[in-house]
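**Q** Got a predicted model here, sequence first, then my questions.
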Amino acid sequence: MKMKISMFGLSLIFCGGLVFAGDSSSNRNDQTVRLGQKSGKHLMYFTSTPSVLELPGPNWTLGLTSGSGKYNYSYTDYNSTSGVYSTKTQSINFSTMEATARFYIGNSFNIPLAYAYYKISYPDWVYSGVTYDIDYKITQLNYGIGNEWTYDWGAYLGIDWYQSGIKLSDKAKVTLKSGRETSTTRQKATTTSTEIKAFAGELILTLGFGF
């Protein structure tokens, strides 16, 4: 949470200095490499806050994105054997890896593209007294629209106004850990992971510095 607040505060500072990014294309061309961090209204970015490594240029920027994080939530589980309800906490682990590209149309407006590999893991997932480990992996092609301003003093701010994706492949692995498995518990564990669609988001921020 502190990381997200810090990124929001930095974005306000950066936005206030857009006057210093009047020639973003030339500023990108003067840089060899840049480092940054990404977050925003996108499940994978918000939870994993991935780091960004990019090779900037006036027309294209190529890069890699990588990060991981955890999200916890509480839920009520019903044990059909004992007839007892109980409150449990579930952890979900998120992992993000992307090969990215940006094609600039003009000074700052651009089309972001990426080949993405996302992994979502549910360790000790419990349903009706049966415990599973669930791993879900997805690859997808991302695309969107955005602006990116590169400042005279080396920093840059990217805002992807909207990003969508096309699912290329997915795979779920469900492993029984404990309890008496039934066809119902197995089906519930399997559908919990496979019902996920391609990830999309909006107002995605990337902040960093170039050298």
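**A** Looks like it arrived, so ask away. From a predicted model like this one, the values you see are computed outputs, not experimental measurements.

**Q** report the longest strand in the protein, please.
**A** Once the chain is assigned using DSSP state E, the strand that runs over the most residues is strand 155-178.

**Q** can you pull the buried residues of it?
**A** A155, Y156, L157, G158, I159, D160, Q163, G165, D170, A172, V174 (16 or more other CB atoms under 10 Å). Backbone N, C-alpha and C define where each C-beta goes, glycine included.

**Q** which one of those residues sits closest to I196?
**A** D170 (7.5 Å; CB to CB).

**Q** so where is this structure shaky, pLDDT-wise?
**A** Along the chain, the model assigns pLDDT under 70 to residues 1-22, 75, 77-82, 192-195.

**Q** partner strands of the longest strand of the chain, parallel or antiparallel?
**A** Using DSSP bridges, the strands paired with strand 155-178 are strand 130-150 (antiparallel), strand 201-210 (antiparallel).

**Q** list the buried ones in the last one?
**A** Within strand 201-210, the residues that qualify as buried are G201, I204, L205, T206, L207, G208, G210, counting by 16+ other CB under 10 Å.

**Q** what's the most distant pair in these?
**A** Of all pairs drawn from these, the greatest distance, 24.2 Å, lies between G201 and G210 (CB to CB).

**Q** Report the contact partners of the closest residue to G106 other than its chain neighbours.
**A** In space, and not counting its chain neighbours, G106 is closest to S25: 7.9 Å by CB to CB, 6 or more residues apart in numbering. Taking CB atoms under 8 Å, 6 or more residues apart in numbering as the contact definition, S25 lies against P58, Y104, G106, N107.

**Q** tell me which element S25 is part of?
**A** Per DSSP states H and E, S25 falls inside helix 24-29.

**Q** Check which residues of that helix are buried.
**A** Counting neighbours by 16+ other CB under 10 Å, helix 24-29 gives S24, N27, R28 as buried.

**Q** Can you name the element that comes right after it?
**A** Going down the chain from helix 24-29, the next helix or strand is strand 34-41, by DSSP H and E.

**Q** quick check: angle from the helix or strand harbouring Q187 to strand 155-178?
**A** Using DSSP H and E, Q187 sits in helix 183-194. Between helix 183-194 and strand 155-178, the angle comes out at 170 degrees (axes from the mean of the first three to the mean of the last three CA atoms, to 10 degrees).

**Q** Pull the CA coordinates from helix 183-194 and hand them back as CSV.
**A** Extracted C-alpha coordinates of helix 183-194, given in CSV (Å, rounded to 0.1, in the frame of the first residue of the first chain):
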residue,chain,number,x,y,z
SER,A,183,-16.2,-34.7,-7.5
THR,A,184,-17.9,-31.5,-6.2
THR,A,185,-14.7,-30.2,-4.4
ARG,A,186,-12.5,-31.1,-7.4
GLN,A,187,-14.9,-29.3,-9.8
LYS,A,188,-15.1,-26.2,-7.6
ALA,A,189,-11.3,-26.1,-7.3
THR,A,190,-10.8,-26.4,-11.0
THR,A,191,-13.5,-23.8,-12.0
THR,A,192,-12.1,-21.3,-9.5
SER,A,193,-8.9,-21.1,-11.5
THR,A,194,-10.1,-21.7,-15.1
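
**Q** Identify all contacting residues around it.
**A** 120, 122, 125, 127-128, 130, 132, 134-136, 170, 172, 174, 179.
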